[in-house]
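Colleague: structural data only, the sequence is not supplied:
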């Protein structure tokens with residue numbers, strides 16, 4: 001039943017379908033529709049032998065789906081003839097029905113094939129012209145992408161094969177890839193499996209015109225660099241704040257004149273390639289000073305990914321065959337540039353408690369005189385924690401816990417944007 005309303009109120013139980021804005025007889029009036037749930041139609045989904053038949057209500061699906069509304073129109077529909085969707089899979093269509101009737105397709109976002117399931121469901125909703133379902137699925141994919149779940153090459157291909165050029169699904173995929181790819185983890189797949197049209201769109205998504213300047217270093221070493229927003233804003237809380245209108249006029253360079261230019265350039269290499277460009281020499285832990293500088297900078301910039309990559313490199317350099325404790329000046333720098341509880345402080349304290357012989361190579365003076373007071377406090381705190389938790393254990397079991405033998409995530413920093421490493425438990429961290 002169709003009702004053309006005038007200035008009167010909305011009739012009880014009738015739904016507002018649209019507001020007419022044309023020049024016709026009922027221009028400016030509201031159209032109401034009262035469902036009866038009596039008219040139905042059949043839909044055949046899939047091909048033999050797994051084809052399934054479904055009965056759908058006109059009052060529900062014709063209001064949501066442009067495809068079904070057209071298929072049920074007089075120009076298309078023949079009485080008693082089912083609508084066929086032979087190229088669709090029954091399980092996908094049933095997920096669509098759950099989305100319509102229950103408000104959710106019932107997919108688990110933590111399943112390994114979550115992206116494929118949501119993509120195929122979006123493609124169906126888009127084909128049926130059901131914008132409400134399509135938008136809901138897009139929101140689901142966007143939510144899951146916040147868990148660092150990056151689509152594979154085959155999943156990206158699925159999107160491009162079944163969507164139009166400016167499809168919202170394509171745009172979302174490109175956003176996820178442009179801002180979530182970790183190059184060192186997907187480099188081989190990136191080169192071998194991702195089609196060039198996807199890579200092209202990802203590169204076009206990165207706005208290289210939107211950039212800002214950073215002044216680094218002092219004296220003759222000072223240099224003003226141009227940094228692209230899309231490289232660092234999403235990973236550095238410092239640069240995100242520095243680029244806000246509350247902090248900058250957009251023309252004044254960000255001031256990092258108290259940082260070493262070489263350290264900042266190493267940081268930018270880490271940002272671009274997700275790796276630490278540092279090699280350990282045969283004389284032991286010579287690069288700890290440079291890595292300590294890098295960690296302090298990444299920590300200052302609020303870039304947890306760079307902090308964690310640097311920590312991995314630090315611990316990797318503490319292998320038994322070449323390990324030497326950092327010198328006192330480096331330790332003092334680390335404590336001066338980090339806060340209480342910092343992973344960098346923790347790993348230094350653990351080294352000295354579990355691996356220090358009482359001497360440091362190259363040091364002729366008494367090392368006790370130059371150690372920061374906070375280091376002694378951290379060592380005592382670690383000692384008492386281990387002593388209380390290991391009362392029934394042997395000394396060698398309690399006081400030989402080397403950082404390199406800990407789970408990878410133990411000295412990492414994490415938040416909602418940087419969850420613990422895959423396979424790591426809360427106890428490990």
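Modeller: Okay, I see it. Every value quoted in this text rests on a predicted model; they were computed, and no experiment measured them.
Colleague: need the strands for the stretch 251-400 of the chain, in chain order.
Modeller: Using DSSP state E, counting those that start in this stretch, the strands of the stretch 251-400 of the chain run over residues 254-256.
Colleague: where are the low-confidence patches of it?
Modeller: Across the stretch 251-400 of the chain, the ranges flagged by pLDDT under 70 are 278-287, 319-324, 356-369, 389-400.
Colleague: one more time with 90, if that's ok
Modeller: In the predicted model of the stretch 251-400 of the chain, residues 251-252, 262, 265-266, 269-291, 312-334, 337, 341, 346-373, 375-400 satisfy pLDDT under 90.
Colleague: does residue 100 really touch residue 63, like I thought?
Modeller: No - judged on C-beta atoms under 8 Å, residue 100 makes no contact with residue 63 at a distance of 10.5 Å. Backbone N, C-alpha and C define where each C-beta goes, glycine included.
Colleague: of these two, which one has the most company?
Modeller: Per other C-beta atoms under 10 Å, whichever of residue 100 and residue 63 has more neighbours is residue 100, with 19 against 16.
Colleague: gap between residue 202 and residue 156?
Modeller: Distance, residue 202 to residue 156, using C-beta to C-beta, to the nearest Å: 9 Å.
Colleague: if I look at these two, which residues touch both of them?
Modeller: Shared contacts of residue 202 and residue 156 (C-beta atoms under 8 Å, 6 or more residues apart in numbering): residue 177.
Colleague: if you count surrounding residues, which of those two has more?
Modeller: With neighbours defined as other C-beta under 10 Å, residue 202 and residue 156 compare such that residue 156 has more, 25 against 20.
Colleague: got phi/psi on that one?
Modeller: phi -60, psi -40 (degrees, to the nearest 10).
Colleague: that one and residue 172 touch, don't they?
Modeller: No - the criterion here is C-beta under 8 Å, and residue 156 misses it with residue 172 at 11.4 Å.
Colleague: can you name the next helix or strand after the one helix or strand residue 121 maps to?
Modeller: Element membership for residue 121 (DSSP states H and E) is helix 114-128. Where DSSP H and E defines the elements, the next helix or strand beyond helix 114-128 is helix 131-145.
Colleague: quick one on the thing from earlier: run through who's touching the helix holding residue 121.
Modeller: 65-68, 88-89, 92-93, 95-96, 99, 105, 107-108, 111, 133-134, 137-138, 140-141, 144, 149, 151-152, 155, 158-159, 162-163, 167, 169.
Colleague: any of the residues you listed buried? List them.
Modeller: When neighbours are counted using 16 or more other C-beta atoms under 10 Å, the contacts of helix 114-128 contain these buried positions: 65, 67-68, 88-89, 92-93, 95-96, 99, 105, 107, 133-134, 137-138, 140-141, 144, 151, 155, 158-159, 162-163, 167, 169.
Colleague: excluding chain neighbours, what is closest to residue 59?
Modeller: Excluding its sequence neighbours, the residue lying closest to residue 59 (C-beta to C-beta, 6 or more residues apart in numbering) is residue 35, at 3.5 Å.
Colleague: by contact count, what packs against the helix ranked longest in the chain?
Modeller: When the chain is parsed with DSSP state H, its longest helix is helix 373-389. Using 3 or more C-beta pairs under 8 Å, 6 or more residues apart in numbering; DSSP states H and E, the elements in contact with helix 373-389 are helix 328-336, helix 343-355.
Colleague: show me what residue 85 is bridged to.
Modeller: Under DSSP bridges, the beta-bridge partners of residue 85 are residue 45.
Colleague: which residues touch it?
Modeller: Applying C-beta under 8 Å, 6+ apart to residue 85 gives the contacts 43-46, 93.
Colleague: rerun at 10 Å
Modeller: By C-beta atoms under 10 Å, 6 or more residues apart in numbering, the contact list for residue 85 reads 43-47, 51, 54, 67, 71, 92-93, 124, 127-128.
Colleague: do the same with residue 304
Modeller: Shown in contact with residue 304 (C-beta under 10 Å, 6+ apart): 235-237, 298, 412-415, 417-418.
Colleague: which ones among those lie within helices?
Modeller: Those of the contacts of residue 304 mapping onto helices are 237, 298, per DSSP H.
Colleague: out of the contacts of residue 304, who has the most neighbours?
Modeller: Using other C-beta under 10 Å as the neighbour criterion, residue 298 leads the contacts of residue 304 with 27 neighbours.
Colleague: nearest residue to that one in space, please, no chain neighbours.
Modeller: residue 306 (3.7 Å).
Colleague: for residue 255, same thing?
Modeller: Nearest residue to residue 255 in three dimensions, chain neighbours excluded: residue 215, at 5.9 Å (C-beta to C-beta, 6+ apart).
Colleague: cool, and residue 421?
Modeller: In this structure, residue 421 finds its nearest non-sequential neighbour in residue 409, 4.3 Å apart by C-beta to C-beta, 6+ apart.
Colleague: neighbours of that neighbour, how many?
Modeller: Counted with other C-beta under 10 Å, residue 409 comes out at 20.
Colleague: my guess is it contacts residue 315. True?
Modeller: No - assessed by C-beta atoms under 10 Å, residue 409 is found out of contact with residue 315, at 11.4 Å.
Colleague: ok, which stretches of the stretch 1-150 of the chain are helices?
Modeller: In the stretch 1-150 of the chain, the helices defined using DSSP state H, counting those that start in this stretch lie at 58-64, 66-71, 90-102, 114-128, 131-145.
Colleague: mean pLDDT and distance to residue 220 added to those helices, as JSON lines?
Modeller: Formatted as JSON lines, the helices of the stretch 1-150 of the chain follow (pLDDT from 0 to 100; distance: least, C-beta to C-beta, whole Å):
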{"stretch": "helix 58-64", "mean pLDDT": "91", "distance to residue 220": "68"}
{"stretch": "helix 66-71", "mean pLDDT": "92", "distance to residue 220": "67"}
{"stretch": "helix 90-102", "mean pLDDT": "94", "distance to residue 220": "64"}
{"stretch": "helix 114-128", "mean pLDDT": "92", "distance to residue 220": "51"}
{"stretch": "helix 131-145", "mean pLDDT": "87", "distance to residue 220": "45"}
